[in-house]
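In: coords below, sequence missing:
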């Protein structure tokens, strides 16, 4: 079945766009979807974190296919190198179960499923509405990091600073909650 | 882009890719082997008034091959209660991150595996993945000493990654680029207060950054005085306890290749990399595609020797001292360094 999807992707590819990139997209996307499902269905919490790594690494690979080198590297550094490591650190510091005996599916999983379906719908609508029929340029080159940083520090300066302040306040809040003395 | 230009040959993309893959293996294994022989076998022996290996090859130089042969033929033991898949994958994860680090290190004007615009950022990002491998190894062994070792390693790597990156930020600001070739060029063509005789090697102009970087590298590599993750007198050998045979060998290669990788990065960021100061020679000359790797290797060996010298002379820190050093000394210092660099960059 996977091969029919790949063939379909390759056939739909625009003549201007490299077929290899579409095939790579299909393979990575399939791995990502499989891993994403395993994150929520596996009964071992450390395995769930490992599958989460697969999903995040797949996202980084997709960014590279789009020529967004800087975003891909940031994805690896922040999500895999920092956030998942902190997850694992927390899991192992508290209990580190070897066997997946614990029941992870809670009773309110239906609410969670509903939320994620709504989120999916919103994201799909935004993407289709925003990009629609746009195609990648055939001469796709990596985005110049210099251009990206200029954009962040001029056009998008205010959102950038707002996010920084938000993260800082979250950090201070976490410290205030965690420290009792 | 590759050595093919040195030989004046035109190669197809797949031929270049094969050459690059072989080149990476050479670039990783050669310094790692050299470091093990030169420092782990010989330097420490002389420091302890003994000769070290003398039988295998001239002055024992083939000892390492004998050791590799020994490890490969040993039984690859997997504990019964271990998480088999993660236990098996972990060493490969650690080694492959080291291989990836070398991709962005330039060895000459055209000798670079991939001339990434994000250069140093890429190297730091992939090296941060090795923490995952160490954590996986510690947990999957199903052994309390391994788990403690993995936890200590993760805590230490998280704490020292920040000063490492913040020290590099100073270099990036001064060079004005994250591209490793660009950083090399900025040092070769730079000048210190109008004097351009030795370029501007950043271990002089970014001295504070260099010191912070080297301390953080020592901790990232878990070398003494920061070797609590292994701490053989407390934790058997930490996350390595259950590993044997080829998988232990992979961790061993990973450790020493990582010393080589960080040596190469330190040499490129702070010592001018493959180049000599631009006042001395024309750096675009094709000869530097051959000389460059040798120059970089010499600088790497210098950095590596320094790392091992510290390793063999310092006693081990306590766990809380290690965390305190990172969070209350190194990180504030590196922030001050960034501020000072920014002010000087704008002023001059």
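Out: Good, I have the coordinates. Predicted model only: the values in this text are computed from it and were never measured. Residues are numbered from 1 along each chain as shown, chains lettered A, B, ... in the order given.
In: least confident secondary structure element in chain A?
Out: helix A:2-12 (a mean of 52; mean pLDDT, DSSP states H and E).
In: residue B:265 contacts residue B:123, correct?
Out: Yes: in this structure, residue B:265 is within contact of residue B:123 by Cβ atoms under 8 Å, at 5.8 Å. Any C-beta I mention is one placed from the backbone N, CA and C, and that applies to glycine too.
In: next, show the common contact partners of those two.
Out: Common contact partners of residue B:265 and residue B:123 (Cβ atoms under 8 Å, 6 or more residues apart in numbering or on different chains): B:101, B:105.
In: on that earlier part again, after the least confident helix or strand of chain A, next one along is what?
Out: helix A:19-41 (DSSP states H and E).
In: looking at chain A, which residue is nearest chain B?
Out: residue A:81 (3.1 Å; Cβ to the nearest Cβ).
In: give the contact list for the closest residue to residue A:144 other than its chain neighbours.
Out: Spatial nearest neighbour of residue A:144, chain neighbours left out: residue B:117 (6.5 Å); criterion: Cβ to Cβ, 6 or more residues apart in numbering or on different chains. Contacts for residue B:117 (Cβ under 8 Å, 6+ apart) come out as A:69, A:70, A:142, A:144, A:145, A:146, B:178, B:179.
In: if you rank these by neighbours, which is first?
Out: Neighbour count (other Cβ atoms under 10 Å in any protein chain shown) singles out residue B:178 as the most crowded of those, with 26 neighbours.
In: so it, which state does it fall into?
Out: Put simply, residue B:178 is coil when judged by DSSP: H, G, I helix; E, B strand; the rest coil.
In: for it, give me phi and psi.
Out: phi -100, psi -10 (degrees, to the nearest 10).
In: surely it touches residue B:124?
Out: No: contact criterion Cβ under 8 Å: residue B:178 and residue B:124 do not qualify, at 10.0 Å.
In: mean confidence score for stretch B:49-69?
Out: Stretch B:49-69 carries an average pLDDT of 82.
In: give me the neighbour count for residue A:112.
Out: Neighbours around residue A:112, by other Cβ under 10 Å: 12.
In: now it, what's its secondary structure?
Out: In three-state terms, and counting by three-state DSSP, residue A:112 is helix.
In: that one and residue A:119: what is the separation?
Out: From residue A:112 across to residue A:119, the span is 11 Å (Cβ to Cβ, to the nearest Å).
In: which residue ranges of the chain form helices?
Out: Let's take chain A. For chain A, applying DSSP state H gives helices covering A:2-12, A:19-41, A:45-65, A:69-75, A:85-94, A:109-131, A:145-153, A:157-178.
In: that answer is for a different chain, and I need it for chain B
Out: B:13-35, B:44-47, B:63-73, B:84-101, B:119-140, B:144-175, B:180-189, B:202-205, B:207-220, B:232-235, B:245-270, B:288-313, B:319-324, B:331-347.
In: for the fifth one, name the packing helices and strands.
Out: Put plainly, it is helix B:119-140. Here helix B:119-140 touches helix A:45-65, helix A:69-75, helix A:85-94, helix B:84-101, helix B:144-175, helix B:180-189, helix B:245-270, going by 3 or more Cβ pairs under 8 Å, 6 or more residues apart in numbering or on different chains; DSSP states H and E.
In: where does pLDDT dip in the chain?
Out: All of this refers to chain A. Scanning chain A with the threshold set as pLDDT under 70 gives A:1-18, A:95-106, A:138-139, A:181.
In: chain B is the one I meant
Out: Across chain B, the ranges flagged by pLDDT under 70 are B:1-9, B:194.
In: what residues of stretch B:16-33 count as buried?
Out: B:16, B:20, B:23, B:24, B:27, B:28, B:31, B:32, B:33 (16 or more other Cβ atoms under 10 Å in any protein chain shown).
In: give the contact list for the fourth one.
Out: In other words, residue B:24. Counting by Cβ under 8 Å, 6+ apart, residue B:24 has contacts B:99, B:102, B:103, B:113.
In: who wins on neighbours among those?
Out: Neighbour counts for these (other Cβ under 10 Å) peak at residue B:102, which has 23 neighbours.
In: for chain A, see how far away that residue is.
Out: Shown here: residue B:102 relative to chain A, a distance of 16 Å by Cβ to the nearest Cβ, to the nearest Å.
In: what sits closest to that residue if chain neighbours are left out?
Out: Among residues not flanking residue B:102 along the chain, residue B:27 sits closest, at 5.1 Å (Cβ to Cβ, 6+ apart).
In: ok, that neighbour - contacts?
Out: Counting by Cβ under 8 Å, 6+ apart, residue B:27 touches B:102, B:105, B:107.
In: which of the residues you listed lies closest to residue A:123?
Out: For the contacts of residue B:27, the residue nearest residue A:123 by Cβ to Cβ is residue B:102; the value is 37.4 Å.
In: how many neighbouring residues does the closest residue to chain A within the stretch 201-348 of chain B have?
Out: Going by Cβ to the nearest Cβ, chain A is nearest to residue B:239 of the stretch 201-348 of chain B, at 11.2 Å. Using other Cβ under 10 Å, residue B:239 has 32 neighbouring residues.
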